[in-house]
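Peer 1: What shape does this take:
(2 chains)
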Amino acid sequence: MILIVAEKRSVAHAIAKFLGGGYKLEKIQGVAAYRFNYGGREAVALGLSGHLMDFDFAARQNVWTWIPPEELFASQPLIVYRPETMKYVKALRTLAARTHEVYLALDADVEGEAIAYEAALLVRLMNPRAKIYRVRFNAVTQREITNAFRNPTHINLRMVEKVFTRMQVDLTLGAVFTRFITLAVRHSLDRGQFLSYGPCQTPVLGIVVTRELQRRNFKPEKYYVVKALVEIDGHRIEMSADVRFKTRKEAEEAAATISRGVVKAAVYKPHHVNPPVPLETVELEKRASRWLGINSKRTLDIAEELYRGGYISYPRTETTIYPPTLDLREVLQELASGHLGYYADELMSRGFRPTRGDSDDRAHPPIYPTRGATKGEIAKTFGKLAPQAWAIYDFVVRHFLATLSPPAVVEKQKIVVSFGKLEMEAEGQIVVDEGYWRIYPWERQSSKPLPRVSPGEPARAVKVYVVERETEPPPQMTESELLALMKKYGIGTDATMQDHIHTNVRRGYMKITKGKCIPTDLGIALATSLFQFAPQLIEPTVRAKMEKALNSIVTDGTPPARLIYEIKKEFEEYYKALKARKEEIKKALETALNSSRNSQRG
DNA sequence: GCAAGGTC
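Peer 2: Modelled structure (predicted):
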């Protein structure tokens, strides 16, 4: 028998379908396995659920009050089975006992490599003489899979080492600093409550708090602008000067010079607004937060359910290019039975060309709808979440249709009038062609037309006035903006970014209200303490630096032990700096904890 | 009871 191990059930299923044609679904220790005939031999494809193993400290070290947190710097975390995936371990053991040939068909990324290694460890324990191969495919398609199995290779140990190093480093740093700040304020916490540090979650908090403090410390400044109602060829146009005056007096002096002028420029230029590129995870989360009022965690949870229900493709992807193997016309045909069927039909008869982004994770296609569903159907599956599930499904459908649609066309308009010293401007636009906005209302723009005038025409100011304005603080951080910043700084992965935001919410460090991230007193106190005494723990650039160091294991063969030693040494310094200020940190955190407790009680 | 990363 040949055993094939995949990262998730859907891939195991696809492999059985592509390599075997027909298959038989079996349950092994409660786990789905696909049995099929592979070139005359019996094969079984088993789908896992991510990692089988994890790291943890020894039991004695897991009683927080028994050892000082810094002792963990000197400890070696142990590799253990993850309790949640024991049934996959059992299924793998059962199958491994009956096979001599194993193909590790996990995703073609570093995590997949690590999971492959975990599976290989298990297989070896059961069956030391089994031949173990690694197969790599860049998409779950007939061609890629067939090719991969024709060219089996071996596990890349450096990739495995990178992942295992990251696991140990993150656990150690997370545990040391989580325990330190928790124990510092232990008596002010509720039962079961703790304060946490993590190399992703904490920089996320830092970003949000930094913005909030910028807003609080912002000193608005008054400034003055000159506006005028200008008559050109019988048309009256509201115009303004693109100059900020510091005082009213200066503005009024400038305004006094405005009476007769001449049109310096009159531009009416067509402009294409291109439809969005194919949908990736973080973009789905950003748009759902901004336009549908659904936060990123909820969005991914619902997308996962929609995927499992067969409504949309796999929701965790960084790809923004439709693979050539994806038959877009087939997808449109499927959508023809759904709520936007008329539009799908129209695209099919008129023809279409998909937009194209610039990223390909070489594992998953962009997110697209896989079924033309009705509201009633979704309502049945989702119960209380039905309105939000429908909103997300509808969005995925519309986004997909938009990527195949023509651009919208607007005429951009600009008139500039010269009044001697000062120039006045007006901008407007006319929607010429709605294009993809017809089914993508969130980006729709409206017409604000200007009259048609020509350069050289005389102009006359009918009314001139000075308007007082104030500079404004930066806006509150939106969740959508936060996701964009996390991506920019390399904090987390497409699949985990929403988790890191949510962790901050769960710990009481911030709230998300109407798409805005608002730090609590506790979040501000924690972030401020860290910025003051150990900024390296909270700066947004720390994660990318660590990621780069970890990558050197793969690219340069840096020995993991050396890297772990160096990172620990560095963070021990930050730990010492924090410990020296324990009393101040304790006071700041306790004040915040008490104030939030009082406000909760009203 | 700590993290981040897979996946459900």
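
Peer 1: how deep is the spatially closest residue to A:A288 that is not a sequence neighbour tucked in, by neighbour count?
Peer 2: Excluding the flanking residues, the one nearest A:A288 by Cβ to Cβ, 6 or more residues apart in numbering is A:T299, at 4.2 Å. For the C-beta atoms, the positions are set from N, CA and C on the backbone; glycine is no exception. Look at A:T299: counted by other Cβ atoms under 10 Å, it has 25 neighbours.

Peer 1: Next: the one 10 residues further on.
Peer 2: Counted with other Cβ under 10 Å, the burial measure for A:G309 works out to 17 neighbours.

Peer 1: OK, contacts around the residue nearest to it when sequence neighbours are not counted?
Peer 2: With Cβ to Cβ, 6+ apart as the measure, A:T381 is the residue that lies nearest to A:G309, at 5.4 Å, once sequence neighbours are left out. A:T381 sits next to A:E305, A:G309, A:A389 when contact means Cβ atoms under 8 Å, 6 or more residues apart in numbering.

Peer 1: before we move on, the earlier item: any idea which helix or strand carries the residue nearest to A:A288?
Peer 2: Taking DSSP states H and E as the criterion, A:T299 maps to helix A:296-308.

Peer 1: Any residue of that helix touching DNA strand B?
Peer 2: Yes - applying Cβ under 7 Å from any atom of the strand, one finds helix A:296-308 touching DNA strand B at A:E304, A:E305, A:Y307, A:R308.

Peer 1: can you map out the helices along the stretch 251-400 of chain A?
Peer 2: Using DSSP state H, counting those that start in this stretch, the helices of the stretch 251-400 of chain A run over residues A:281-287, A:296-308, A:328-335, A:341-350, A:375-382, A:386-403.

Peer 1: Show me what the helix holding A:T299 is packed against.
Peer 2: Helices and strands in packing contact with helix A:296-308 are listed as helix A:281-287, helix A:375-382, helix A:386-403, helix A:497-506; criterion 3 or more Cβ pairs under 8 Å, 6 or more residues apart in numbering; DSSP states H and E.

Peer 1: buried ones in that helix?
Peer 2: A:S296, A:K297, A:R298, A:T299, A:L300, A:D301, A:I302, A:A303, A:E305, A:L306, A:Y307 (16 or more other Cβ atoms under 10 Å).

Peer 1: Tell me what angle that helix forms with helix A:386-403.
Peer 2: 80 degrees (axes from the mean of the first three to the mean of the last three Cα atoms, to 10 degrees).

Peer 1: Run through who's touching helix A:296-308.
Peer 2: Counting by Cβ under 8 Å, 6+ apart, residues outside helix A:296-308 touching it are A:281, A:284-286, A:288-289, A:292, A:294, A:312-316, A:367, A:381-382, A:385, A:388-389, A:392-393, A:396, A:479, A:483, A:495, A:497-499, A:501-502.

Peer 1: Taking those residues, please make a PyMOL selection of just the buried ones.
Peer 2: In PyMOL, the members of those classed as buried (16+ other Cβ under 10 Å) are selected with the following command:
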select buried, chain A and resi 281+284+285+286+288+289+292+294+312+313+314+315+316+367+382+385+388+389+392+393+396+479+483+495+497+498+499+501+502
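
Peer 1: What about DNA strand B: which of the contacts of helix A:296-308 touch it?
Peer 2: On the criterion Cβ under 7 Å from any atom of the strand, A:R316, A:A495, A:D499 are the entries of the contacts of helix A:296-308 that sit beside DNA strand B.

Peer 1: What is the nearest of those to A:R438?
Peer 2: Within the set of these, A:R316 lies nearest A:R438; the separation is 29.8 Å, counting by Cβ to Cβ.

Peer 1: if I look at the residue in chain A sticking out farthest from the centre, how far off is A:A459?
Peer 2: Residue farthest from the centre of chain A, counting by Cα atoms, centre = their mean, is A:R260 at 53.8 Å. Applying Cβ to Cβ, to the nearest Å, the value for A:R260 to A:A459 is 7 Å.

Peer 1: what's the overlap in contacts for those two?
Peer 2: The overlap between the contact sets of A:R260 and A:A459 (Cβ under 8 Å, 6+ apart) consists of A:F419.

Peer 1: Tell me the residues of the stretch 351-500 of chain A that contact DNA strand B?
Peer 2: For the stretch 351-500 of chain A, the contact set with DNA strand B under Cβ under 7 Å from any atom of the strand comprises A:G492, A:T493, A:A495, A:T496, A:D499, A:H500.

Peer 1: what residues are up against A:Y574?
Peer 2: For A:Y574, the residues meeting the contact criterion (Cβ under 8 Å, 6+ apart) are A:A534, A:Q536, A:L537.

Peer 1: Kindly reformat those residues as CSV containing distance to A:S359, neighbour count and secondary structure.
Peer 2: Conversion of the contacts of A:Y574 to CSV gives the following (distance: Cβ to Cβ, whole Å; neighbours: other Cβ atoms under 10 Å; DSSP: H, G, I helix; E, B strand; the rest coil):
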residue, distance to A:S359, neighbour count, secondary structure
A:A534, 34, 22, coil
A:Q536, 30, 14, helix
A:L537, 30, 24, helix
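
Peer 1: May I see those arranged in a markdown table, with distance to DNA strand B as well?
Peer 2: Output for the contacts of A:Y574, formatted as a markdown table (distance: Cβ to the nearest atom of the strand, whole Å):
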| residue | distance to DNA strand B |
| --- | --- |
| A:A534 | 15 |
| A:Q536 | 14 |
| A:L537 | 11 |
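
Peer 1: Domain map for chain A?
Peer 2: For chain A, whose domains are defined here by automatic domain parsing, the residue ranges read A:2-155, A:162-217+A:497-601, A:222-275+A:408-470, A:295-403.

Peer 1: which one among the ones next to DNA strand B among the contacts of helix A:296-308 gets closest to DNA strand B?
Peer 2: Proximity of these to DNA strand B (Cβ to the nearest atom of the strand) peaks at A:A495, which lies at 3.8 Å.

Peer 1: Isn't that closest one up against A:E280?
Peer 2: No - under the criterion of Cβ atoms under 8 Å, A:A495 makes no contact with A:E280, lying 11.0 Å away.

Peer 1: Mind listing what's buried along the lowest-mean-pLDDT helix or strand in chain A?
Peer 2: Comparing helices and strands within chain A by mean pLDDT, DSSP states H and E singles out helix A:582-601 as the least confident, with a mean of 86. By 16+ other Cβ under 10 Å, the buried positions in helix A:582-601 come out as A:I585, A:K586, A:A588, A:L589, A:E590, A:A592, A:L593, A:S596.

Peer 1: One more: stretch A:401-412?
Peer 2: If you call a residue buried by 16+ other Cβ under 10 Å, then stretch A:401-412 has these buried ones: A:L401, A:A402, A:T403, A:L404, A:S405, A:P406, A:A408, A:V410, A:E411.

Peer 1: can I get those residues in TSV with pLDDT?
Peer 2: Putting the buried residues of stretch A:401-412 into TSV (pLDDT from 0 to 100) gives the following:
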residue	pLDDT
A:L401	98
A:A402	98
A:T403	98
A:L404	98
A:S405	98
A:P406	98
A:A408	98
A:V410	98
A:E411	98
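
Peer 1: Quick check: end-to-end length of stretch A:374-387?
Peer 2: From the first residue to the last, stretch A:374-387 extends over 12 Å; the measure is Cα to Cα, to the nearest Å.

Peer 1: chain center to that stretch, what's the gap?
Peer 2: On the basis of Cα atoms, centre = their mean, to the nearest Å, stretch A:374-387 sits 25 Å off its chain's mean C-alpha point.
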